[in-house]
Every structure is written in structure tokens, then in C-alpha cells.
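Student: Sequence and predicted structure below; questions after.
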Amino acid sequence: MTTLPSHVTLVDVGPRDGLQNEKQPVATEHKARLVSMLQDAGLKEIEVTSFVSPKWVPQMADNEAVMAAIERRAGIRYAVLTPNMKGLEAALPTQPDEIVVFAAASEAFSQKNINCSIAESIERFAPVVAAAHAAGIKVRGALSCAVGCPYQGDVSPDEVERVVQLMKEIGVDHMGVADTIGVGTPRRIQAAMERALKHYPLHEVSGHFHDTYGQALSNIYACLELGIHRFDASVAGLGGCPYAKGATGNVATEDIVFMLNGLGIETGIDIDKLVDAGAFISNELGRQPVSRVGRALLAKRAG
Ligand SMILES: CC(C)(COP(=O)([O-])OP(=O)([O-])OC[C@H]1O[C@@H](n2cnc3c(N)ncnc32)[C@H](O)[C@@H]1OP(=O)([O-])[O-])[C@@H](O)C(=O)NCCC(=O)NCCSC(=O)C[C@@](C)(O)CC(=O)[O-]
């Protein structure tokens with residue numbers, strides 16, 4: 001039997017990836033409260049907001065206000081997305097611990113999401129990476145559409161590796177491999193992850209799986225088999241990408257924690273408090289949590 005990692009780090013991307021696609025306004029104070037409740041639940045890494053164009057993603061327009069409103073705690077890392085120098089310059093005064101530059105393995109998605117080719121995106125990211133490093137900030141790379149693209153269709157491991165290498169060359173510290181539209185299945189995900197692992201050490205590779213086709217937990221298990229021990233997740237299964245129509249939210253943090261608890265893999269997360277955070281934000285959005293585990297545990301509580 002394969003030995004699985006004994007500890008997994010989860011990065012809750014709910015406040016950013018989870019909320020970016022919401023059409024209804026979400027109050028800054030509710031975003032900050034969500035961050036606070038995730039901290040209470042034991043999350044040590046939280047993706048808080050993005051410094052992107054408010055015309056492209058209006059829900060993230062309050063980025064500075066959210067960063068000012070969060071209650072920072074020692075030992076917790078707060079990440080933000082910065083697609084270009086304008087984004088980084090706006091983000092730096094808000095003191096993120098990590099910034100995320102986001103590229104795509106498919107040309108079509110790169111154009112739709114960040115309005116430039118893959119090559120142009122790398123040119124834009126290079127000074128962002130250099131400036132972040134000069135400020136002592138770690139840079140995570142997110143690679144969208146690592147198995148499938150809503151515009152192009154299938155994406156090959158070669159296409160993934162090409163962009164991983166480009167990101168590595170400009171000094172990106174960590175590679176997050178994303179199945180943006182949730183079409184990946186375990187072997188295809190492993191093939192994509194293996195290309196990232198050719199260029200980055202195990203602890204600098206993570207998975208980011210949307211659960212559109214219900215494959216995310218299987219894909220995470222397939223990553224655990226490779227020794228990968230870091231994943232993005234979104235409390236209550238919030239979210240979707242505005243430029244990936246039909247894609248649902250990230251795998252729910254509650255669902256991964258439940259699976260990892262069952263496997264005896266430590267996360268440091270209190271699932272009951274996590275369910276509270278999911279219930280809080282879902283209530284603010286006027287809906288039930290998407291997380292099956294969240295719903296089941298809430299129903300159990302209600303008796
Ligand atoms: C990248 C840009 C800005 C290029 O957008 P552009 O229009 O090509 O940029 P530009 O440089 O030509 O500037 C046009 C206007 O945008 C402004 N602008 C330019 N940059 C910024 C900035 N940083 N912050 C605020 N404003 C900005 C700039 O000042 C100007 O304003 P104007 O003069 O017209 O008033 C745009 O395409 C954009 O904002 N895209 C956002 C896409 C996005 O946020 N997508 C969702 C996040 S990625 C994701 O969810 C996937 C991920 C990471 O989760 C993994 C996965 O699942 O795949």
C-alpha cells in the first residue's frame with residue numbers, strides 16, 4: 001500500500017476564489033468575518049482577496065478594505081492575487097504574506113482571464129516576482145486549466161510543463177496546479193502534477209480542484225499517493241471563476257478535512273468550527289452550503 005503524507009496543509013481560498021464570482025454584493029465586514037472564522041477553525045493559510053481590475057471582477061474591488069479589516073494573527077499567512085505590477089503595487093501596502101501570479105496552460109483561457117497570451121503573461125509576471133522577492137514576499141504560481149479548458153478542450157501534460165518551466169524560470173517559488181473546470185480524473189491529474197514535480201520539490205507543489213464533476217476528492221487522493229500534501233479548498237464549496245462559465249466552486253474544505261480525518265492525516269483544523277464558518281457565509285449569501293459534509297453535520301446538529 002502507498003504511504004500517504006501524515007500531515008496536509010489546506011489553504012482556504014473561499015474569501016477570494018469563493019466570493020469573486022458572486023453577483024450580489026458581499027459586505028467587506030462579512031468577508032473579514034469569514035477570514036476570522038476560518039482562523040478560529042485552525043486554517044493557517046488564507047487567500048483573502050485579489051488585486052485585479054474592478055471592471056473585470058467587481059466583487060474584489062474592496063481588496064484594500066478587506067486587507068485592512070481582517071484581524072491578523074501570528075502564524076497565519078495571508079495571500080492575495082496580483083496579475084501585474086499595478087496589482088502588486090496596490091497590494092504591497094496591505095502587507096500580504098504571499099502573492100499569487102496566475103497563468104494558464106491554455107492560450108484561450110489566458111486571453112479570456114487576463115487578456116494576454118501565455119508569453120505576455122510571463123513577461124508581466126517577471127517584474128512582479130522580482131519586486132515581491134525584493135520586498136521579502138513569497139510568490140505562488142497558479143496554473144489554470146491543467147487538464148481541460150472551457151474554450152480549448154483537453155489540455156496535455158506537455159502544455160502544463162511548458163508553462164511550469166516558464167514560471168520556474170522567472171523565479172516563481174511554488175506551483176499550484178489547477179483543474180479550473182473540474183474535468184480531471186485521478187490518472188490525468190497525476191500526469192499533470194508529475195510535470196510540476198519535475199521542476200518543483202514536493203513541498204512546493206499544490207493542487208487546486210474545482211468539483212464541477214464530483215471528482216475533486218478522488219483527485220486529491222491521487223495527489224496524496226504522489227506525496228503531495230498541500231491543497232487549496234473553499235469553505236462551503238463556494239465559488240467559481242468568472243471566466244470559466246459553468247465551473248462550480250472549489251472542493252469544499254469541510255469535505256477534504258472529513259476525508260483526511262478518516263485517513264488519519266492531520267490538518268490542524270477543527271471541523272465543527274469550519275462548518276460554522278461555512279454556515280455563516282452561506283447564510284449571508286442566502287443559500288445552503290454546497291459542502292456535503294457541511295450539510296450533513298448541520299443536519300446532525302439540528303437532530
Ligand atoms: C489582468 C487584467 C488587469 C488585465 O486587464 P487589461 O484590460 O488587459 O489591463 P490594462 O493594463 O490594459 O489596463 C486596463 C484597465 O485596467 C486597470 N488595471 C490593470 N491592472 C489592474 C489591477 N491589477 N488592478 C486594478 N486595475 C487594473 C488599468 O488601470 C486600466 O484602467 P482604466 O485606465 O481603463 O481605468 C484583467 O484582465 C483582470 O483584472 N483580470 C482578472 C481576472 C481574474 O481575476 N480572474 C479570476 C482569478 S484567476 C482564477 O480564479 C483561477 C485560479 C487562480 O483560482 C485557479 C483556477 O481555478 O484556475
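Tutor: It's in.
Student: who does the nearest residue to Asp97 once chain neighbours are set aside bridge with?
Tutor: Of all residues not flanking Asp97 in the chain, Arg77 sits nearest, at 4.1 Å (C-beta to C-beta, 6 or more residues apart in numbering). (C-beta placed from N, C-alpha, C; glycine too.) Per DSSP bridges, the residues bridged to Arg77 are Glu45.
Student: what's the distance between Arg77 and His210?
Tutor: Going from Arg77 to His210 by C-beta to C-beta, to the nearest Å gives 23 Å.
Student: Pull the number of nearby residues for the residue nearest to Asp97.
Tutor: Using other C-beta atoms under 10 Å, Arg77 is surrounded by 15 other residues.
Student: tell me the contacts of it?
Tutor: Residues in contact with Arg77, defined by C-beta atoms under 8 Å, 6 or more residues apart in numbering, are 44-46, 97-98.
Student: What separation do you get for it and Ala90?
Tutor: Distance from Arg77 to Ala90, by C-beta to C-beta: 19 Å.
Student: same deal with Cys145?
Tutor: Taking C-beta to C-beta, one finds Cys145 at 26 Å from Ala90.
Student: Just want to know which of the two has more residues nearby.
Tutor: The neighbour comparison of Cys145 against Ala90 (other C-beta under 10 Å) goes to Cys145, with 30 against 16.
Student: Am I right that that one is in contact with Ala103?
Tutor: No - between Cys145 and Ala103 there is no contact under C-beta atoms under 8 Å: 9.6 Å.
Student: for the stretch 151-300 of the chain, what spans make up the strands?
Tutor: Along the stretch 151-300 of the chain, counting by DSSP state E, counting those that start in this stretch, strands occupy 153-154, 174-179, 205-209, 230-233.
Student: Which stretch among those approaches the ligand most closely?
Tutor: Taking C-beta to the nearest ligand atom, strand 174-179 is the member of those nearest to the ligand, at 3.5 Å.
Student: Can you name the residues in contact with that closest one?
Tutor: 100, 138-148, 160, 164, 167-168, 189, 192-193, 196, 199-200, 204-210, 216, 219, 232.
Student: where in the chain is pLDDT low?
Tutor: Along the chain, segments meeting pLDDT under 70 span 240-242.
Student: Repeat the analysis, applying 50 as the threshold.
Tutor: By pLDDT under 50, the chain contains no weakly predicted segment.
Student: if you go through it in chain order, where are the helices?
Tutor: Along the chain, counting by DSSP state H, helices occupy 28-41, 63-69, 85-91, 107-114, 118-134, 157-169, 186-197, 216-225, 253-263, 271-285, 292-302.
Student: so how far is stretch 154-170 from its chain's centroid?
Tutor: 18 Å (C-alpha atoms, centre = their mean, to the nearest Å).
Student: Quick check: buried residues in it?
Tutor: Buried residues in stretch 154-170, counted by 16 or more other C-beta atoms under 10 Å: 155, 157, 159-161, 163-164, 166-168, 170.
Student: Then stretch 279-288?
Tutor: 279-282, 284-285.
Student: one step back: which of the contacts of strand 174-179 count as buried?
Tutor: 100, 138-148, 160, 164, 167-168, 189, 192-193, 196, 199-200, 204-210, 216, 219, 232.
Student: Can you report how many residues neighbour Gly75?
Tutor: Residues lying near Gly75 (other C-beta under 10 Å) number 6.
Student: thought it was touching Lys44?
Tutor: Yes - Gly75 lies in contact with Lys44 (C-beta under 8 Å); the separation is 6.5 Å.
Student: Hmm, Leu238 is touching Arg16, no?
Tutor: No - counting by C-beta under 8 Å, Arg16 is not a contact partner of Leu238; they are 9.9 Å apart.
Student: list the buried ones in stretch 28-45?
Tutor: Those buried within stretch 28-45 under the rule 16+ other C-beta under 10 Å are 28, 30-39, 41-45.
Student: what's the neighbour count on Pro54?
Tutor: Neighbour count for Pro54, taken as other C-beta under 10 Å: 12.
Student: ok now do it, which residues does it touch?
Tutor: Contacts of Pro54 were listed using C-beta under 8 Å, 6+ apart, and they are 60-61.
Student: Let me know the closest of the buried residues of stretch 154-170 to Glu71.
Tutor: For those, the minimum distance to Glu71 (C-beta to C-beta) is 32.5 Å, reached by Met167.
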